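> here is my input, please return the structure:
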Amino acid sequence: MSDPIREDGLYPMRLQRFLARAGVASRRGSERLMTAGRVRVNGAVVTELGSKVDPASDVVTVDGAVCRIAERPCHLMLYKPAGYLTTMSDPHGRPTVADLVPVAERPGLYPVGRLDLDTTGLLLFTTAGELGQALLHPSHHVTKHYVALVSGTPDEGDLGRLRAGVRLEDGPAAPAEAELLSPSDPLFSLVAPRGAGRTGGGEPNAVVGLTIHEGRKHQVKKMMQAVGHRVLRLHRDAFGPLVLTGVAEGSWRELTEAETAAVEAVARGEG
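Just a heads-up that it's a prediction; the model follows:
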């Protein structure tokens, strides 16, 4: 069982993660420091990579210098543009979301879940590993709202199938909330800035709002394809209690106190 989220925002964690969050080095670099015998916990050298420390009570030093992490974790939302991989590093040197968030100033940041390369919108980052894991756990049913530009115009039968739960190749999808959005809806322009028109092949298209409670790979695209409508553009504007506001595309902001409280409540199973 994972460690509980405490009121101080800290929790027992692997030593190399602690060192990364404290800004000493990357996790891999921290492991090298440990195996070199340069890391001490409460005065004792620790070289075992699976060792855990409690940031609230243990004293960690590297070459005699005390290492500390912030008492409260950092949570921020990124407005992810298209063309960025949801990963903190890429061996092929492709653009990643790590290029867009302050990883140097806030060590230990990582994305909660993922968005496809071509998908835009809200991506939550945190330095609190337990909170991120809790938000992704199926038992919490964290909702995600997407806006999709799709080929063709779904009719009530198509929307009804989405609401009932369509069957996908990896099993049935849970029932979703689905609706057609009109050009007057503020969300419409997020994926159809010039209004819904026609695709290159002359096929009419439409904008669909979809709320899901799962986080399977390519789920929205697969659900829409299952009812006969290919996703042309996809944007996520909400994740759990968070709504993408006050941040420009490609930029980020820290969560407000109210947003942080709401996210932490969901992670505790209270949302």
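> from here on, just use CA atoms for contacts and neighbour counts.
OK.
> now do the buried residues in the helix or strand encompassing V66.
Under the criterion DSSP states H and E, the helix or strand holding V66 is strand 65-67. For strand 65-67, the neighbour count (16 or more other CA atoms under 10 Å) marks C67 as buried.
> partners of it in the sheet?
Strand 65-67 has the following strand partners under DSSP bridges: strand 60-62 (antiparallel).
> so how far is the partner strand from its chain's centroid?
Centroid displacement of strand 60-62 relative to its chain, using CA atoms, centre = their mean, to the nearest Å, is 31 Å.
> residue contacts, the closest residue to A22 other than its chain neighbours?
Nearest residue to A22, sequence neighbours excluded (CA to CA, 6 or more residues apart in numbering): I69, at 4.6 Å. Applying CA atoms under 8 Å, 6 or more residues apart in numbering, we find I69 in contact with F18, R21, A22, P55.
> narrow the residues you listed to those in helices?
Residues of the contacts of I69 located in helices (DSSP state H): F18, R21.
> which residues sit against the strand holding V66?
L19, A22, V24, V59, V60, T61.
> let me know the closest of those residues to T256.
Using CA to CA, A22 is the member of these that sits closest to T256, with 22.6 Å.
> can you list the low-confidence ranges for this structure?
1-11, 23, 26, 70-71, 193-203, 271 (pLDDT under 70).
> spatially central residue for it, please.
The centroid of the chain falls nearest to V112 when counting by CA atoms, centre = their mean (2.8 Å).
> so it touches A128, yeah?
No: assessed by CA atoms under 8 Å, V112 is found out of contact with A128, at 10.0 Å.
> chain center to stretch 178-187, what's the gap?
Stretch 178-187 has its C-alpha centroid displaced from the chain centroid by 24 Å (CA atoms, centre = their mean).
> if you count neighbours, what's buried in that stretch?
Quick answer for stretch 178-187 (16+ other CA under 10 Å): A178, E179, L180, L181, P183, L187.
> how close does the residue nearest to L109 when sequence neighbours are not counted get to V59?
Nearest in space to L109, with sequence neighbours left out and distances taken as CA to CA, 6+ apart, is T127 at 4.5 Å. Using CA to CA, to the nearest Å, T127 is found at 20 Å from V59.
> so for those two, which residue has more residues nearby?
Between T127 and V59, T127 has the larger neighbour count (other CA atoms under 10 Å), namely 23 against 16.
> OK, contacts around the more buried one?
R21, P73, C74, H75, R106, P107, G108, L109, Y110 are the contacts of T127 under CA under 8 Å, 6+ apart.
> if we use 10 Å, what do you get?
9, 17, 21, 70, 72-76, 106-112 (CA atoms under 10 Å, 6 or more residues apart in numbering).
> before we move on, what about A22?
So A22 contacts Q16, C67, R68, I69, A70, E105, R106, P107, G108 (CA under 10 Å, 6+ apart).
> for the residue nearest to V60 when sequence neighbours are not counted, phi and psi?
Nearest-residue entry for V60: V41, 4.6 Å, with adjacent residues in sequence omitted and distances by CA to CA, 6+ apart. The phi and psi torsions at V41 (degrees, to the nearest 10) take the values phi -120, psi 120.
> same deal with the one 4 residues further on?
Comment: the main-chain dihedrals of V45 come out as phi -70, psi 130, following degrees, to the nearest 10.
> for it, give me its contacts.
Here V45 is in contact with M34, T35, A36, G37, R38, V39, V60, T61, V62 (CA under 10 Å, 6+ apart).
> are any of those buried, and which?
Those of the contacts of V45 that meet the buried threshold are M34, G37, R38, V39, V60, T61, V62, by 16+ other CA under 10 Å.
> identify the farthest-apart pair in those residues.
Using CA to CA, the two most remote members of those are G37 and V60, lying 12.7 Å apart.
> which residues do those two both contact?
A44, V45, V46.
> and which of the residues you listed is nearest to E259?
V46 (37.7 Å).
> I figured that closest one hits R14, correct?
No: the pair V46 / R14 is not scored as a contact, 11.5 Å apart, by CA atoms under 10 Å.
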